[in-house]
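> Dropping a prediction and its sequence here:
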Amino acid sequence: MPGREPLSQTEALLAGLRAGSQEAFETIFREHYAQVFAVAYRLLGSASEAEDAAQEAFLRLYEHPLPAGRNHNLRGWLLRVTTNLAYNALRSRGRRRRREERALTEAQSAGQPAAGDSMVAATADTAAKVRGVLARLPERQVQLLLLRQAGLSYAELAGALGVAPGSIGTLVARAERAFRDLYGELEEMEHDA
């Protein structure tokens with residue numbers, strides 16, 4: 001049709017998905033799964049939970065493809081949905097995590113870890129601290145930090161989170177500062193203990 005612009009690759013894939021094309025879904029999945037999984041894993045710290053969150057995000061896209069008529073930021077949408085799912089999982093497992101940390105502390109105070117276990121314990125401790133800090137931050141700040149860490153540009157962040165592009169730099173800086181402050185407080189509390 002004259003005057004009509006050709007569809008972008010993303011819009012063509014979404015049109016195929018809306019039409020029921022399994023091939024379009026598989027292409028979307030292959031192109032975005034690694035990054036979606038990585039974002040979920042950074043937040044959850046568990047491969048199985050990250051896989052569940054990533055698969056749920058793709059399932060939501062498959063069952064309810066993004067509507068026609070708009071130029072969608074598919075990657076941003078998938079990462080935002082994944083972040084929300086992972087954040088919800090993180091909140092819901094809070095009690096279990098506290099029990100596990102308490103058990104680990106009791107086990108460590110009862111005896112010394114084996115020689116090779118100190119590096120693993122230090123890495124697990126750092127990951128637990130990061131997850132703990134993320135759990136204390138407002139959801140929007142967690143989304144900003146994780147999506148920025150996943151490599152989204154400021155323009156992509158703005159589109160994914162529905163905020164003005166000019167405010168993204170300030171929002172990211174505030175989120176990073178809040179993370180550093182909470183992490184520092186946690187470090188101080190551990191040092192004083």
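Done, it's in. Residues are numbered from 1 along each chain as shown.
> Figure out how far the longest helix belonging to the chain is from the centre of its chain.
Counting by DSSP state H, the longest helix found in the chain is helix 168-192. When distances are taken as CA atoms, centre = their mean, to the nearest Å, helix 168-192 is centred 18 Å away from the chain's centroid.
> for that helix, packing partners?
Packing partners of helix 168-192 (3 or more CB pairs under 8 Å, 6 or more residues apart in numbering; DSSP states H and E): helix 117-136, helix 139-149, helix 154-161. C-betas here are computed from N, CA, C, even on glycine.
> mean confidence score for the first one?
This points to helix 117-136. The pLDDT scores in helix 117-136 average 72.
> that older thread, contacts for the longest helix of the chain, please.
129-130, 132-134, 136-137, 140-142, 144-145, 148, 154-155, 157-158, 163 (CB atoms under 8 Å, 6 or more residues apart in numbering).
> One more: stretch 59-67?
Residues contacting stretch 59-67 (CB under 8 Å, 6+ apart): 14, 17, 18, 25, 28, 72, 74, 77, 78, 81.
> okay if I get the residues you listed as a markdown table plus pLDDT, secondary structure and distance to residue 49?
Putting the contacts of stretch 59-67 into a markdown table (pLDDT from 0 to 100; DSSP: H, G, I helix; E, B strand; the rest coil; distance: CB to CB, whole Å) gives the following:
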| residue | pLDDT | secondary structure | distance to residue 49 |
| --- | --- | --- | --- |
| 14 | 90 | helix | 28 |
| 17 | 91 | helix | 26 |
| 18 | 92 | helix | 30 |
| 25 | 94 | helix | 23 |
| 28 | 94 | helix | 22 |
| 72 | 80 | coil | 27 |
| 74 | 90 | helix | 23 |
| 77 | 91 | helix | 21 |
| 78 | 93 | helix | 17 |
| 81 | 92 | helix | 15 |
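> Pull out the buried members of those residues.
14, 17, 25, 28, 72, 74, 77, 78, 81 (16 or more other CB atoms under 10 Å).
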